[in-house]
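[1] Need coordinates for the below:
(one chain, ligands or ions: 2)
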Amino acid sequence: MQYHLDTIPVWDAFHEGGECPLCSLQGKLEQDFVDLALGGAAMEPDVRIASNEKGYCARHLTLLYQSQRRLPMALVVHTHLMETHARLKPALERAASPAPAKGGLFSKKAAEDPIQVLEKALEKAVSTCVMCERIESNMDRYLYTVLHLYQHDAEFQRTFQESAGFCLPHTRALLVMAGKHMHGAKRATFAADLARIQEAALTRLEGELYQFTQMFDYRSQGKDFGSSRDALPRTMTKLRGGVTPEKNG
Ligand SMILES: [Zn+2]
Ligand SMILES: [Zn+2]
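    Ligands and ions are numbered 1, 2, ... in the order given. Here you go, the predicted model:
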């Protein structure tokens, strides 16, 4: 797949610093999509078709709810609820009044078991999120852009090498993307750079988080804890990704 490059936001995120520039980019995308989801564009037919069909995961429903636009959200959720209900209805009705079980040679195949049919229908109803999908495809573009800049822009390569690294999920995502678009020695050099950066970042955070725990020791009163004050939210970001309040110590 060929991706369109998007270098400016990637450069901005690397200049911003933090424990994962890709998480910063993802956080901005998410905020933009939350704003769009209940704005004027939300009522456009193709957007409505996608959100009616796929709905939103728990995280994105919560973010939409927190944006305080209750009426547009209720309209969007209402049509999704109706579509979900229509799709579940046959399976719910069959499971609610099962036909008497037939024994022996005529026993039903597992696929026709109304309970399993309902289980599958429910699985499908809860596994899609229109916002997660949109974020993921945009993040693929950013991951690809990082690899492209790393290979073609010496200044970016230096910035990358001197960065504080990435969260573990985005470290993996970078390796997966490199596996698809980089080959041989280039891929090996990139992976070695990334591994070295991550090794250093984990060692640094271990020290910072340890120092943070020492703040709670009464014997440490009056000491300067410097960068370790916000070590906990930064470690949270590093381990599992996500945007955490890094500046709140
Ligand atoms: Zn990340
Ligand atoms: Zn989602």
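[2] what's the weakest-modelled helix or strand in the chain?
    Within the chain, no helix or strand scores below helix 45-54, which has a mean of 85 by mean pLDDT, DSSP states H and E.
[3] Sort out which residues of that one are buried, please.
    By 16 or more other C-beta atoms under 10 Å, the buried positions in helix 45-54 come out as 47, 48, 51, 52, 54. The way it works is simple: take the backbone N, C-alpha and C, and place the C-beta from them, glycine included.
[4] Also stretch 18-28?
    18, 19, 20, 21, 22, 23, 24, 25, 26, 27.
[5] Stretch 206-222 now?
    Neighbour counts over stretch 206-222 (16+ other C-beta under 10 Å) mark 208, 211, 212 as buried.
[6] try stretch 193-209
    Buried residues in stretch 193-209 (16+ other C-beta under 10 Å): 194, 197, 198, 201, 204, 205, 208.
[7] so which of the buried residues of stretch 206-222 comes closest to residue 222?
    residue 211 (14.7 Å; C-beta to C-beta).
[8] Moving along the chain from the helix or strand where residue 74 lies, name the first helix or strand you hit.
    Applying DSSP states H and E as the criterion places residue 74 in helix 70-96. Remark: after helix 70-96, the chain's next helix or strand is helix 114-126, criterion DSSP H and E.
[9] Send me that following helix as CSV with only the CA atoms.
    Extracted C-alpha coordinates of helix 114-126, given in CSV (Å, rounded to 0.1, in the frame of the first residue of the first chain):
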residue,chain,number,x,y,z
PRO,A,114,-29.3,-20.3,18.6
ILE,A,115,-27.1,-19.5,21.6
GLN,A,116,-23.9,-19.6,19.4
VAL,A,117,-25.6,-17.6,16.7
LEU,A,118,-26.5,-15.0,19.3
GLU,A,119,-23.0,-15.1,20.7
LYS,A,120,-21.5,-14.5,17.2
ALA,A,121,-24.0,-11.7,16.5
LEU,A,122,-23.0,-10.0,19.8
GLU,A,123,-19.3,-10.4,19.0
LYS,A,124,-19.8,-8.6,15.7
ALA,A,125,-21.9,-5.9,17.3
VAL,A,126,-19.2,-5.0,19.9
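[10] which residues touch it?
    Residues outside helix 114-126 that contact it (C-beta atoms under 8 Å, 6 or more residues apart in numbering): 55, 84, 87, 88, 91, 92, 94, 95, 98, 110, 111.
[11] now do 6 Å
    Helix 114-126 is contacted from outside by 84, 88, 91, 94, 95, 98, using C-beta atoms under 6 Å, 6 or more residues apart in numbering.
[12] Can you tell me the SS state at the closest residue in space to residue 134 that isn't next to it in sequence?
    Nearest residue to residue 134 in three dimensions, chain neighbours excluded: residue 33, at 5.9 Å (C-beta to C-beta, 6 or more residues apart in numbering). Three-state call for residue 33 (DSSP: H, G, I helix; E, B strand; the rest coil): helix.
[13] Perfect, that will be all.
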